[in-house]
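> Got a sequence here, can you model it:
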Amino acid sequence: MEKEKILEINHMKISFCQYQKGMHQTELPVISDLNVTVRAGEMVAIVGSSGSGKSLLAHGILGILPYNASMKGGIQYCGEPLTEKKIRKLRGKEIVLVPQSTSYLDPLMKVGQQICKGKKDPEKKRKLDRIFEKYSLDKKVQEQYPFELSGGMTRRIMISTALIETPKLVIADEPTPGLDPKLARRAMEHFRQLAYMGAAVLIITHDLELALETADRIQVFYAGYTVEDAMAEDFAKEETLRHPYTKALWRAMPKNGFHYIDGVQPYARDRKQGCPFASRCEKCTDRCQEKEIPWRLAGNGYVRCIYDT
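Numbering: from 1, shown residues only. Modelled structure (predicted):
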């Protein structure tokens, strides 16, 4: 039986309004076509280089984009449109964000109060004690302010904010930077446990190897597009991957030789028609640059490529 779709994003587009040469207004498209689905009990990892649109995806879902940003496309939550009114009601309760920036913590409030949202709930306090123990955090840290903590400690505390709730959807934006490898793996295992408990978990990360250890599926972003959706086991060998960029990521992993790929990801204003990876792809032909490449089913995943590479 197919599990319930908790989050479904179709053709998300995000652009920013900019002013040039006085009052001349232009639209800068940063995300052009993102498609993401996460089911109950599933852990999906979003990978891609910096600037591919990974973090903007999280902000778009949660309705916390900057004032000069506009978003198009459909976002469904549990089968219904995720409206602005609904996200305000669910954010921090059913839908939880573990943000990338540690500045999300209130510098004027003690850590324990922030995680428990100011409520004096004995059961939640006991749960917090157990979570801190898992992350090698002393109980006295709950009585400290964010500025008194190291970067690694702050990161662990931010992960605790998700674990203290019983959410339906967890979005973790780069949750492991600043953690040593052992703690990073432990953090990913705790997100995995949330999925086992029935939550839909969306992890945004640059660490493909770490994601492959715990995620069910991997979605690959490049220059504002989803270019591949593959099962984690498809990364066992290059031949089972479909998009040339995904294959390049596989070859760049240390265990696969750490092979470098020439070129750079195009900036938003420099993107041309067709496949965004065309300028770096050794299989590129004129067909790849003639028109937008459709998102299509390929085997047990999806790919944005005209070839089954």
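> surely Leu105 meets Glu148?
No. Applying C-beta atoms under 8 Å as the test, Leu105 and Glu148 come out as separate, 11.3 Å apart. (Glycine included, C-beta is placed from N, CA and C.)
> Walking through this structure, point out its strands one by one.
All strands of the chain, identified by DSSP state E, fall at 5-20, 24-39, 43-47, 69-77, 80-81, 95-98, 169-173, 200-204, 217-222, 225-231, 296-298, 301-303.
> Please identify the deepest-packed of these.
When neighbours are counted by mean count of other C-beta atoms under 10 Å, the highest per-stretch mean among the strands of the chain falls to strand 200-204, a mean of 27.
> can you list contacts of that one?
6-7, 36, 38-46, 54-55, 57-58, 100, 168-175, 188, 191-192, 194-195, 211, 215 (C-beta atoms under 8 Å, 6 or more residues apart in numbering).
> Then stretch 280-296?
Residues lying outside stretch 280-296 but in contact with it, judged by C-beta under 8 Å, 6+ apart, are 33, 35, 226, 244-245, 248, 261-263, 272-275, 278, 302-307, 309.
> Please repeat the previous calculation with a cut-off of 10 Å.
Contacts of stretch 280-296 with the rest of the structure, by C-beta atoms under 10 Å, 6 or more residues apart in numbering, involve 10-11, 32-35, 222, 225-229, 243-245, 247-248, 261-266, 272-279, 302-307, 309.
> end-to-end on it?
End-to-end distance of stretch 280-296: 21 Å, with C-alpha to C-alpha, to the nearest Å as the criterion.
> again with stretch 37-53
16 Å.
> And it, how far out from the chain middle?
5 Å (C-alpha atoms, centre = their mean, to the nearest Å).
> Next: stretch 270-280.
Going by C-alpha atoms, centre = their mean, the spacing between the C-alpha centre of stretch 270-280 and its chain's C-alpha centre is 23 Å.
> measure the residue nearest to the spatial centre of the chain to Tyr196 for me?
For the chain, the residue nearest the mean C-alpha position is Ile204 (2.4 Å; C-alpha atoms, centre = their mean). Distance, Ile204 to Tyr196, by C-beta to C-beta, to the nearest Å: 20 Å.
> With Phe132 instead?
If you measure Phe132 against Tyr196 using C-beta to C-beta, the figure is 21 Å.
> What of Leu82?
From Leu82 across to Tyr196, the span is 24 Å (C-beta to C-beta).
> Which one of those two is surrounded by more residues?
A side-by-side neighbour count of Leu82 and Tyr196, using other C-beta atoms under 10 Å, places Leu82 first with 21 against 10.
> phi, psi of the more buried one?
Listed backbone geometry of Leu82 is phi -90, psi 90, with angles given as degrees, to the nearest 10.
> gap between it and Lys124?
Per C-beta to C-beta, Leu82 is found 27 Å from Lys124.
> So for the least confident helix or strand in the chain by mean pLDDT, what gets flagged as buried?
Lowest by mean pLDDT, DSSP states H and E among the helices and strands of the chain is helix 151-163, with a mean of 81. Using 16 or more other C-beta atoms under 10 Å as the burial criterion, the residues of helix 151-163 that qualify are 153-163.
> Redo the residues you listed as TSV? Include distance to Lys119.
Formatted as TSV, these follow (distance: C-beta to C-beta, whole Å):
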residue	distance to Lys119
Met153	23
Thr154	22
Arg155	24
Arg156	21
Ile157	17
Met158	19
Ile159	20
Ser160	15
Thr161	13
Ala162	17
Leu163	16
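> These: which two are farthest apart?
Spatially, the most separated pair among the buried residues of helix 151-163 is Met153 and Ala162, at 16.3 Å (C-beta to C-beta).
> Surely Glu174 is in contact with Thr205?
Yes. Contact between Glu174 and Thr205 holds when scored by C-beta atoms under 10 Å: they sit 6.0 Å apart.
> List the residues that are in contact with both of those two.
Between them, Glu174 and Thr205 have Lys54 as joint contacts when contacts are counted by C-beta under 10 Å, 6+ apart.
> Neighbour count for those two, which is higher?
Neighbours were tallied for Glu174 and for Thr205 using other C-beta under 10 Å; the higher tally belongs to Thr205 (23 against 19).
> Can you read off the pLDDT for the more buried one?
Thr205 is assigned a pLDDT of 92 by the prediction.
> next one: Met1
At Met1, the predicted lDDT confidence score is 68.
> try the one 4 residues further on
For Lys5, the model assigns a pLDDT of 95.
> how close does Ile46 get to Val201?
In this view, Ile46 and Val201 are 11 Å apart by C-beta to C-beta.
> overlap in contacts of the two?
Shared contacts of Ile46 and Val201, counting by C-beta under 10 Å, 6+ apart, come down to 38, 171-172, 215.
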